[in-house]
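Asks: Predicted structure and sequence below. I'll ask about it afterward.
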Amino acid sequence: MSLLIFLFVKVPRKIYRIIFYKYEYFYYRFLYSKPKINKNFTSHPYLLGGGVNLDNLGNQYQEFFPDSVQEKIARADSICNHIFDLLGSGPIRLSPNGEGYQPINWHSDFKNGYKWNPKTFFRNIKYGHVSGVDIKVPWELSRFQHLNILGEAYLITNDRKYIVEFVNQINDWIDNNPVGFGVNWKCTMDAAIRAANWLVALEFFSKKGYLSKEFLHKFYTSIYEHGRFIRSHLEISQNRANNHYLADIVGLLYISIYCPFFNESKKWLNFCIKELSKEIDKQIYDDGCSFEASTSYHRLVLEMFFYSYLLADRAGVLLPEKMKEKLEKMFTVSLYCIKPNGMIPQIGDNDSGRFLIFTDRQILEHKYLLTLAAIYNKDASFKLHTFDFDEEAFWIFGNKGKEIYNELHFRIKSLASKTFPNAGWYIIRNDNEYCFVSCGYNGQDGNGGHSHNDKISFELMINGEDVFVDPGTYVYTPDPQERNKFRSTGYHNTIKFDGYEQNEISENLFSLPERVKINEADLLERDNNISFQGKIHYSDITHKRTITIDKNTSNWKIVDNISCFRPTNAKVIFHLSPNVFFKNGFIFSKKTKRKVASIQVERYKLEKSEYEYSPEYGVKKSSEQLTTDFIKVNGMQTIHTYIRRVS
């Protein structure tokens, strides 16, 4: 007994970890054997087409979306040719030319040619060690989110080449990614998303006799390996969890529901039900916002929670009613955050992350979420005049979903301004004018893994045209300097003080420890105007900002009251949308060449320069920014900015 006490108390945890990792490597390398599983597989259409027979889905798609048919087929044919465009890569062929199926290199960052050794044990895989190399590239490919496009093309055309490609790619991946080895087992989240996408895509090809028993046995054996791997490598530490842990749970839930013939499925299912219930409470605030301080991650976790709830519901699995209530709140957040053009403001990180993808769209386009919400909740408040029935909803709800959508009246009451106090998101709306202000804390745990130094920063639309935007994220680990630039104070629409960051940026690329104190944040609406008022304090800096729109003229006024305990220089910064340009005090639309608005900072001259705008992960392009000349701050200072709409 004394020896056991010594081992558990005296031996450092690091030593245990080393011993366990050595044993784990030995197990996967020498002892692991393919599991024996039940060969009586049954596939059920749970998620697609309303959970019913899919025979007519292809014909209905051609009826509802005639202009998209050829584009869909062309996209599927590109996938058959192994041409992919992921994370800013541009279209790249990922296999050699030749007759028949040519294998894909699943282990490379094909943006720059770097390859990981497929024989390396997953715990020994390194990343961030070579400049410019991005481990997210092979991970993204191996999520297999492209398989749904193959399935859709198959239902539209009945061409069996898409079934052949589905089988070949799955076989290719399994043969070249033995469990526990290679880059694609490094992150449990990606293994979980891969398993879910495999299982959903299988629904497209589930006609009896089209898939051989040999393939199905190999397929489900790998799914079982994924399930065991996920359950043994959950991404949670010291009770801290985020979207990674949620994805782990969701992937395991999909496996347990689609594969009830696995011995562990019932146990996995009960575990997932319990954990999903806990995580929706932990990760989603009472106001419906994700706790990670990011609009893009809000979409990612909403997809995971919603599609999981829908799958469970259709499979007769009971999930807590509170999940449905939280989901409605999450959809409501998207309803108010989505801009008049269907896009979302970039608040916090944007890594282009999705869970299930049924059509190609711009990463920042979130309007499809409103169609899903309107149909599932049978709620007309989500049906806006400006947006049509979305393809994403068609593949999930089928013809019945289209009927439900058509029966709903359009939303009668226009969207008003809205506050989400837990997240610190403040939205001003007045007809086609839109302003999103970020003034919240860096996530629930204060670690700020996906937060930016964007307090009192904002995005602004005038008459439906993007004018000021958040520059985005660009990349994570391949370029630490760029990573930190895009999350810095100076890369947001706020005031940058020389020598100061709102929150200190360290070497940890996924940490932004809380330093800013938010002393005031509120949205006020009066008869003639709507205004946001916020006040923050960090280090020696106090910054109070008021953003007001005149309801009658649609003109904007920004008042910045700043103070610093020691003399410093400051600049007001505005990052223009890449769709507009600045000239002689006016902002012009690049498309129409017409004036959108005038801008004036009282007593200060605006200088035009370039910055890099990133609308999605791995992509950046040059755009214009406006900055004032140096403002000498010694005590208190007030700055007035006037933005007047030009009709």
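Replies: That came through fine.

Asks: From now on I want contacts and neighbour counts done on CA atoms only, so please keep to that.
Replies: OK.

Asks: Quick check: which ranges of this structure have low pLDDT?
Replies: 1-14, 16-18, 39, 208, 239, 444-446 (pLDDT under 70).

Asks: Spell out which residues make up each domain of it.
Replies: 1-31, 39-233, 418-645 (automatic domain parsing).

Asks: quick one: the helices in the stretch 251-400 of the chain?
Replies: Applying DSSP state H, counting those that start in this stretch to the stretch 251-400 of the chain gives helices spanning 265-283, 295-314, 321-337, 368-377, 391-407.

Asks: give me every residue that touches residue 533.
Replies: 520-524, 544-547 (CA atoms under 8 Å, 6 or more residues apart in numbering).

Asks: sorry, back to before: mind putting the helices of the stretch 251-400 of the chain into a markdown table with mean neighbour count and distance to residue 436?
Replies: Compiled in a markdown table, the helices of the stretch 251-400 of the chain are given as follows (neighbours: other CA atoms under 10 Å; distance: least, CA to CA, whole Å):
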| stretch | mean neighbour count | distance to residue 436 |
| --- | --- | --- |
| helix 265-283 | 17 | 22 |
| helix 295-314 | 21 | 11 |
| helix 321-337 | 19 | 8 |
| helix 368-377 | 22 | 19 |
| helix 391-407 | 19 | 26 |
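
Asks: Arrange these in a markdown table, one row each, with distance to residue 216 as further columns.
Replies: As requested, the helices of the stretch 251-400 of the chain are exported to a markdown table (distance: least, CA to CA, whole Å):
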| stretch | distance to residue 216 |
| --- | --- |
| helix 265-283 | 18 |
| helix 295-314 | 21 |
| helix 321-337 | 33 |
| helix 368-377 | 31 |
| helix 391-407 | 24 |
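
Asks: can I assume residue 306 is in contact with residue 327?
Replies: Yes: the criterion here is CA atoms under 8 Å, and residue 306 meets it with residue 327 at 6.7 Å.

Asks: What residues sit buried inside the longest strand seen in the chain?
Replies: The residue-count maximum for a strand in the chain (DSSP state E) belongs to strand 556-575. Going by neighbour count (16 or more other CA atoms under 10 Å), the buried part of strand 556-575 is 556-564, 568, 570-575.

Asks: Closest one of those to residue 585?
Replies: Closest to residue 585 out of the buried residues of strand 556-575 is residue 574 (13.3 Å), distances taken as CA to CA.

Asks: residues contacting the closest one?
Replies: 468, 492-494, 625-627.

Asks: what do you get for residue 55?
Replies: Going by CA under 8 Å, 6+ apart, residue 55 touches residue 155.

Asks: now swap in the one 3 residues further on and tell me
Replies: By CA under 8 Å, 6+ apart, the residues touching residue 58 are 152, 155-157.

Asks: Could you check which helix or strand contains it?
Replies: Assessed by DSSP states H and E, residue 58 sits inside helix 57-64.

Asks: now that helix against helix 391-407, angle please.
Replies: Going by axes from the mean of the first three to the mean of the last three CA atoms, to 10 degrees, helix 57-64 is angled at 70 degrees with respect to helix 391-407.

Asks: buried ones in helix 57-64?
Replies: Quick answer for helix 57-64 (16+ other CA under 10 Å): 57-58, 60-61, 64.

Asks: And for stretch 581-595?
Replies: 581-582, 586-589, 595.

Asks: so residue 253 sits right up against residue 272, yeah?
Replies: Yes: the criterion here is CA under 8 Å, and residue 253 meets it with residue 272 at 5.8 Å.

Asks: all strands for the stretch 451-600 of the chain, in order.
Replies: Remark: strands assigned in the stretch 451-600 of the chain by DSSP state E, counting those that start in this stretch are 457-462, 465-468, 495-497, 517-525, 529-538, 541-550, 556-575, 580-583, 586-589, 595-601.

Asks: and the fourth one, what other elements does it pack with?
Replies: The one in question is strand 517-525. strand 418-420, strand 529-538 (3 or more CA pairs under 8 Å, 6 or more residues apart in numbering; DSSP states H and E).

Asks: what's the answer for the third one, then?
Replies: Helices and strands touching strand 495-497, by 3+ CA pairs under 8 Å, 6+ apart, are strand 556-575.

Asks: okay, the contacts of residue 533 in a markdown table with neighbour count next?
Replies: Output for the contacts of residue 533, formatted as a markdown table (neighbours: other CA atoms under 10 Å):
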| residue | neighbour count |
| --- | --- |
| 520 | 13 |
| 521 | 23 |
| 522 | 17 |
| 523 | 21 |
| 524 | 14 |
| 544 | 20 |
| 545 | 23 |
| 546 | 19 |
| 547 | 21 |
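
Asks: Of the residues you listed, which pair is most distant in space?
Replies: Going by CA to CA, the pair spanning those furthest: 524 and 544, at 15.2 Å.

Asks: before we move on, the earlier item: pipe the helices and strands packed on strand 517-525 into JSON lines and attach distance to residue 241 per row.
Replies: Formatted as JSON lines, these follow (distance: least, CA to CA, whole Å):
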{"stretch": "strand 418-420", "distance to residue 241": "22"}
{"stretch": "strand 529-538", "distance to residue 241": "28"}
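
Asks: Quick one, which of those strands gets closest to residue 22.
Replies: Closest approach to residue 22 among the helices and strands packed on strand 517-525 (CA to CA): strand 529-538, 45.8 Å.

Asks: Can you tell me the strand partners of the closest one and which way each runs?
Replies: Each strand paired with strand 529-538, and its direction, by DSSP bridges: strand 517-525 (antiparallel), strand 541-550 (antiparallel).

Asks: distance between that strand and the chain's centre?
Replies: A distance of 28 Å separates the centroid of the chain from that of strand 529-538, by CA atoms, centre = their mean, to the nearest Å.

Asks: for that strand, which positions count as buried?
Replies: Within strand 529-538, the residues that count as buried by 16+ other CA under 10 Å are 529-538.

Asks: got it, and stretch 80-100?
Replies: 80-84, 86-87, 93-94.

Asks: Next: stretch 630-637.
Replies: So, applying 16+ other CA under 10 Å, buried residues of stretch 630-637: residue 633.

Asks: One more: stretch 43-51?
Replies: For stretch 43-51, by 16+ other CA under 10 Å, it's 44-51.

Asks: one step back: for the strands paired with strand 529-538, which one sits closest to residue 337?
Replies: Proximity to residue 337 (CA to CA) singles out strand 517-525 among the strands paired with strand 529-538, at 14.9 Å.
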